[in-house]
Structure formats: C-alpha cells, structure tokens
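S.K.: Just need the structure, nothing else, for what follows:
(chains A, B, C and D)
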There are 2 protein chains.
Amino acid sequence: MSANLRDVARQAGVSVGTVSNVLNRPDVVSPKTLERVQKTIAELGFVPNGFARQLRSGYSRTIGLVVTDVANPFFTEVARGVEDAASKRDYAVFLCNSDESLEKENKYLSVLIQQQVRGVLITPSDSKSHQYENLRERGISVALLDTETKNSSQCSVSVDDVRGGEIAIEHLTSLGHREIVWVTGPDTIPQVIDRTTGVMRAAKVTKADISTVRVPLMNSAQGVDAAKKILALKKMPTAIFCANDLLAFGVMRGLLDAGIRIPEDVSLLGYDDIAFGNSSAVPLSSISQPAYQLGVTAAELLISECEESEEHAHQQIKFQPQLVVRASTATKK
Amino acid sequence: MSANLRDVARQAGVSVGTVSNVLNRPDVVSPKTLERVQKTIAELGFVPNGFARQLRSGYSRTIGLVVTDVANPFFTEVARGVEDAASKRDYAVFLCNSDESLEKENKYLSVLIQQQVRGVLITPSDSKSHQYENLRERGISVALLDTETKNSSQCSVSVDDVRGGEIAIEHLTSLGHREIVWVTGPDTIPQVIDRTTGVMRAAKVTKADISTVRVPLMNSAQGVDAAKKILALKKMPTAIFCANDLLAFGVMRGLLDAGIRIPEDVSLLGYDDIAFGNSSAVPLSSISQPAYQLGVTAAELLISECEESEEHAHQQIKFQPQLVVRASTATKK
DNA sequence: TCAAAGAATTGACACGATTCAATTCATAAG
DNA sequence: CTTATGAATTGAATCGTGTCAATTCTTTGA
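M.R.: Okay, here's the model as predicted:
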C-alpha cells in the first residue's frame, strides 16, 4: 500500500510533525532537514491523503461547479475558466450537470455536501431554490454563476441578460423587423426570465410584435422542433431570436430543410456566440458573452470568499453582452 | 456548525456505534431504535462527513475522468455517459482536462490521488506513460478510455481507430480520390497513431497518395491554420481527411473563405461525427463513434473493477466506427 | 423460574494528517 | 564556561466515522 506521513518520518529519521511542517510551512524547518525530507518524500512517492488532511483542518481544497448543460459549448468554456482559475489556486473542481432539472441539481448538491466541498459555483436551473441556505449553514460558500442574485447575501457573476434581450430586439428592429418570434426555454430558468424581460421591454419601445415559442430544453434537437412550430404558424415572422445558439442551430436546420432561406426569408439571431457560430450553414449572428472570463472571475470570487470568510464582502459582478453580427440577420425586404 | 455522529448519538440517547449501524447496516438494529435515530438524524439535518467515512473505510465513491479536451463535443458526450453511469452507482466524477499535455495530465493524476479517487478513467495524451502503475500501486483502478491497451493488465474501452482510418480512406478512394491530405495532430497521441496506421494501410491497398499536414492541437483554430498550409501546397489535393471534426470545421472555414468549394473542388471528411456536423456550412461527412455508449461502458467497467477487485477479469472492449456520409464528400470530377 | 441462545447495543481503537504546547538544539552574549 | 534567546523539532491529542470484540438485553424452552 502507499506510504503515509509516518513512513516518511521514519525513513527520514524525523517526527511526523516535521514532515507535516515540510508540507505546510516549509519556512519553519531548517534547510537541511527540509531537503532530506523532501528527498524521502520523492523516493517513497508519498502523496498526502486528502481526506485525513481535510478531516483535521476542516476544509477541503475542492469546489463544485453545477451547470445546466455540459454539452453546451458556452458552459464548457465557462468550466474551462473555472478550472484554470481554481487550478492556479490549487483547488480541484467537481463538474456537475443538472440538465436544467431541479431534482438533479438537488441531488448533486447533496453529493457535494458529502464530498465536503469548500464552495459551490452554481448556475441555478430554477429561479427560486432554498437549498443554498442549507449549504451555507454547513460552511460551504455559494456563488451564483451566470445569474444575478436578488439578495446581497451572496456573490454572483453574471452577464446582463435583460440588456442582452434588449440588444437583440434593438438589432432586429433596426433592420426593419417587427414580426419577431422569441424561441425560448422554460420560464423557470433565470436566464430565460431576464432575457424575456429585455425582449419585451425593447419590443414595447420599438413597437415590435413578439410571439413566443417555448420548448422544454434549450438544445439543438429542441430547436428543430421549434422550427416546426414556427412553420405551422398562421403568419411567418420576418425574424427569429433564440434564447441560445444551440436552439438557433436547430431552428436553422429545421428552416433550411423546409426550404426557407436565411436571412433572405427570415433573419435568425442566437445567444451565447459559441465558437461554432462562424462555421454553421449560415454564419450565425449572436449575442456574445465573455464565457471564459465569467468562469475565471466566478472561481476567483468564490475562492476568495472561502479563504477570507470573515472580512469578505459579497460582490455582484455583471458583465455586458455584445452583439456579433454575422450572416444570419439582414434588413427586412 | 453542522452536527456529527456524536451529536446524533447523544440526542437520541444511544451510542455512536448504533448510529453508525443505522447508517450502514440498518438490519442489525431494532426497528424501534432505528426509527428514533432516523428521526433525530432528520431533525439535526445530519449528513455524514465523507472524509471521515472514507478515511476509515479507505475507499471513496469518487472516480476521476481525464480527457484531452472538454471543449470537444465528442468528449462532453463521453463525459455525459460516464457521469450518468457513475451516478447510477452513486459515484461522483471529477472531470479533468489535460489539453493534450502530458504535464497537465500528470498534475491532475496527482490531484486525483490526493482526492483518493477509487478509480480513474483516462484518455491518455501520450502513448507511453508509466504514471498509471503509480496509481495502481495505490489501489486506484485505472481504465483506458478511447484508447486500446497493449498489455492485458488493464481494462480499456475504445473504438477501432485503425479501422476508422481505413474506412475513411476507403470511402474517399471509392469516390475516385487519390490525392489525399491527412490533417492530424501530434504523433504522440494514441488515436492519431492508430488512425494514421489505418490511413496508410488503406492507402497502400488503394494506391492513394497521402500527404500529411500536422498541427499541434486538434481544435478548429488549428484547422484554419491547416487550411492555410494546404492552400500553400504545390498541388491541391482532391480530398482532405481530418483527424477530428473540430479540425475539419476549421479547415472548412479556411477553404470556403479562400473561395474553394466543398465538395465540388475538394472533398472533406471529419472524424467523431459530433452533433454540429449536420449544421455546418457544408454538412460534414464523418466517421461516427458511439461516444455516449463509450462513456457508459467505461464507467461501468471501471466501477465493477473497483468493487470486485479480486475476481475481476480485465477486459478490452472495442467498438466499431461507422461512416456517415453527408454533403462534404463527393465523387472526384 | 432459570439457563442458554440470540439479538441489540456499546465503546475503545483505528484511519492519516494537522496542530500546538513542550522540549531540545544551536547560537551569541556576558 | 554559562546562560539567555530564538530556532527547530517532537509527539500526543484531535478531527468524525467504521469496526468489532465485549457486554447487556430479550426471548425461548424446559
């Protein structure tokens, strides 16, 4: 079996306390012993047992990241940011996938509690959930990711989704579109709620006519379904705005297959600006979000909250979305 | 702070041993006490401390998954399979991203050792690595994912990459192509090695002429670079085969931007058959792999190895790739 | 009513690291 | 050569749970 602290101590001819010091406070041990112990550690291939360490210290160096869809490149980009930032601080990341289901989300939170994570970064799949208090009572920091928090008792890092919705409608109306279909997911998802708010607000100002097509999940298969629903409408819209790029790709495929041209017959706008956007059948115009940056910022914020819990001031950081125009949107003919 | 075993025991008026039995062997404790203790557990919101538990038992219910690129939809699909299967068995998954770097891979393996994972599923970023022995000595099971193992002392779940390479070249040559460019990654990556073997073998049989364009990473940005290199070639090929779809998307973009038509001027074939394939500018022909199934199978195999380490017989499972023809490949004119 | 068998419960010890008061060692000043 | 001081090292106690031999309680049959 693998070596433990005591083995190292015996081998190096020092006490376990000293070995522990070598690992955690190398400055208090003499250079000579330091070197000798480190050599022994290397020889035995000793790796400290994380559990024992954390059992004693009370804290782990692990954080949980709960996203609604790992298959969505937007979230993998976020995850990459989280992982890079965490790794820099020597934290490991548990990546969990809630699939937009509150049930799965709660299940994973339970698992994370058992794993005694130090903090959790979560993209809530439902606008109201009280499970988070539960975590905090256990001393686990929680920060909201890609969602703005209502109460200031927690950190959040988000992108202004209301503004994103506005920008989208402003863009489409500036191209002359007034008949717009808004393709979106369940109205329990925070991002959906906010983007809808922005859409409706901008529609009022620009006198655009919005009809909503709602699907249960925000992936590209559902986008194809949405396209069918749109084709079945009494009156075809002149523009379509989708709550994320995956939906938009599905809609695009559904429409192209039905012989509808983009953007000649209908303009199509996505949200997230995932990398594939410029490789799609018609390069997709979209609302861009700083995904990687979002992840990095969130992880740094969470870890700093974990480590300085007393003097930590909760922050709500909000990034601004940006319009990226490619080929799928054009002026109304 | 949150309650522990001792608190529950005191509150319920029993010993810690009994509470522990309630949790782990409820059959040995009397129904009356069982109920009382369970009620107390609920009242105090007690959740067992995973560390202490695992420290004592020596085993965690956690596995590590190391992939070369989380941003690649192929791997997120694999990861999804792993997670679903693990979750069914009550295991949590650490998802790590090696970015095709041996250094990062080793770093994550260290982290996984510290986290005392029960097993590791890994897509090696280099064909030879001895770190795995290190894990096994520590009692951590290791199974290879998406790579065939040479020695039968470990499990592996893979797709026949040699055959995949052959299928690809057979397809292209059957369309009349003889001048083919093989766009691929570093020849240290196992998949690259195997696919190259298949390519060369089939090329010999079909008398095709293969020239290789090698890029350091297998993502779509590198694909764009590869397209530039291809355009700079003395003689344009009539077909291009890419080691994965991301590369192919990049190549596609690079060529289309340069005014080259696909498949009229050149046929393009990818590998992985990721979901975007049918949404791309030109729907991409590709070699399909059962990604989700790969993940599920690997996780089940690994977990069964973990739990029945004595009577476990190592298995090498190999799936077969399949050709998916879309619009990016056509007969040579 | 009593003894024996079986069921239920107990509680000390172990897991492997961290912590910190106590001890030993090294150095410099008197 | 002593002593005072600070640096380095030690090792027992501790974290929260699982295990298991030992103990107590309950039931059963004569």
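
S.K.: Enumerate the residues of the stretch 101-250 of chain A near chain B.
M.R.: A:107, A:110-111, A:113-116, A:134, A:137-139, A:220, A:249-250 (Cβ under 8 Å from any Cβ of the partner chain). For glycine as for every other residue, the C-beta is placed from the backbone atoms N, C-alpha and C.

S.K.: and those residues as a markdown table, adding secondary structure, pLDDT and distance to B:A232?
M.R.: A markdown table is the format used below for those (DSSP: H, G, I helix; E, B strand; the rest coil; pLDDT from 0 to 100; distance: Cβ to Cβ, whole Å):
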| residue | secondary structure | pLDDT | distance to B:A232 |
| --- | --- | --- | --- |
| A:K107 | helix | 82 | 53 |
| A:S110 | helix | 80 | 56 |
| A:V111 | helix | 80 | 52 |
| A:I113 | helix | 80 | 56 |
| A:Q114 | helix | 75 | 56 |
| A:Q115 | coil | 77 | 51 |
| A:Q116 | coil | 79 | 55 |
| A:N134 | helix | 79 | 60 |
| A:E137 | helix | 78 | 63 |
| A:R138 | coil | 78 | 60 |
| A:G139 | coil | 81 | 59 |
| A:S220 | helix | 93 | 35 |
| A:F249 | helix | 97 | 32 |
| A:G250 | helix | 96 | 37 |
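
S.K.: and which of these is nearest B:L55?
M.R.: Proximity of those to B:L55 was ranked by Cβ to Cβ; the top entry is A:Q116 with 11.4 Å.

S.K.: The closest one: what's it in contact with?
M.R.: For A:Q116, the contact set (Cβ atoms under 8 Å, 6 or more residues apart in numbering or on different chains) comprises A:54, A:60, A:62, B:49-51.

S.K.: And for A:G165?
M.R.: Taking Cβ under 8 Å, 6+ apart, one finds A:194-202 in contact with A:G165.

S.K.: Now it: closest residue in space that isn't a chain neighbour?
M.R.: Leaving aside its chain neighbours, A:G165 sits nearest to A:G198 (2.3 Å; criterion: Cβ to Cβ, 6 or more residues apart in numbering or on different chains).

S.K.: Quick check: which element contains the one you found?
M.R.: Mapping A:G198 onto the secondary structure by DSSP states H and E places it in helix A:190-206.

S.K.: what do you get for A:V37?
M.R.: helix A:31-44.

S.K.: Report the spatially nearest residue to A:R253, omitting neighbours in sequence.
M.R.: Closest to A:R253 by Cβ to Cβ, 6+ apart is B:S279, at 5.5 Å.

S.K.: still on that earlier bit, can you put the residues of the stretch 101-250 of chain A next to chain B in a markdown table and add distance to A:I169?
M.R.: Output for those, formatted as a markdown table (distance: Cβ to Cβ, whole Å):
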| residue | distance to A:I169 |
| --- | --- |
| A:K107 | 37 |
| A:S110 | 40 |
| A:V111 | 40 |
| A:I113 | 41 |
| A:Q114 | 45 |
| A:Q115 | 43 |
| A:Q116 | 45 |
| A:N134 | 38 |
| A:E137 | 42 |
| A:R138 | 43 |
| A:G139 | 44 |
| A:S220 | 23 |
| A:F249 | 21 |
| A:G250 | 21 |
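
S.K.: List the buried residues for the helix or strand of chain A with the lowest mean pLDDT?
M.R.: When each helix and strand of chain A is scored by mean pLDDT, DSSP states H and E, helix A:131-137 comes last, with a mean of 80. Buried residues in helix A:131-137, counted by 16 or more other Cβ atoms under 10 Å in any protein chain shown: A:131-132, A:134-135.

S.K.: A:A143 - that's part of a helix, no?
M.R.: No: going by DSSP: H, G, I helix; E, B strand; the rest coil, the assignment for A:A143 is strand, not a helix.

S.K.: quick one: contacts for the residue nearest to A:G165?
M.R.: Residues in contact with A:G198 (Cβ under 8 Å, 6+ apart) are A:161-169.

S.K.: 10 Å instead, please
M.R.: A:160-170, A:287, A:321 (Cβ atoms under 10 Å, 6 or more residues apart in numbering or on different chains).

S.K.: In strands, which of the residues you listed fall?
M.R.: Among these, the residues falling in strands (DSSP state E) are A:I287.

S.K.: Compare the residues of the stretch 101-250 of chain A next to chain B and tell me which has the most neighbours.
M.R.: Comparing these on neighbour count, A:F249 comes out first with 28 neighbours (neighbours: other Cβ atoms under 10 Å in any protein chain shown).

S.K.: my read: that one touches A:S220, true?
M.R.: Yes: under the criterion of Cβ atoms under 10 Å, A:F249 makes contact with A:S220 at 4.7 Å.

S.K.: what helix or strand is the residue in the stretch 1-150 of chain A positioned nearest to DNA strand D on?
M.R.: Nearest residue of the stretch 1-150 of chain A to DNA strand D, counting by Cβ to the nearest atom of the strand: A:G17, 2.3 Å away. Here A:G17, judged by DSSP H and E, is contained in helix A:16-24.

S.K.: Can you list the buried residues in that helix?
M.R.: Buried, per 16+ other Cβ under 10 Å, within helix A:16-24: A:18-23.

S.K.: Just the strands from chain A, written as ranges.
M.R.: A:62-67, A:92-97, A:119-122, A:141-145, A:155-159, A:179-184, A:209-214, A:239-242, A:267-272, A:285-288, A:316-319, A:322-324.

S.K.: what touches both of A:F249 and A:S220?
M.R.: Common contacts of A:F249 and A:S220, defined by Cβ under 10 Å, 6+ apart, comprise B:275-276, B:278-279.

S.K.: Which one (most neighbours) among those?
M.R.: Neighbour-wise, the shared contacts of A:F249 and A:S220 (other Cβ under 10 Å) top out at B:S279, 23 neighbours.

S.K.: mind checking how far the spatially closest residue to A:L301 that is not a sequence neighbour is from DNA strand C?
M.R.: Spatially, and ignoring its direct neighbours in sequence, A:L301 is nearest to A:C155 (5.1 Å; Cβ to Cβ, 6+ apart). Distance, A:C155 to DNA strand C, using Cβ to the nearest atom of the strand, to the nearest Å: 25 Å.
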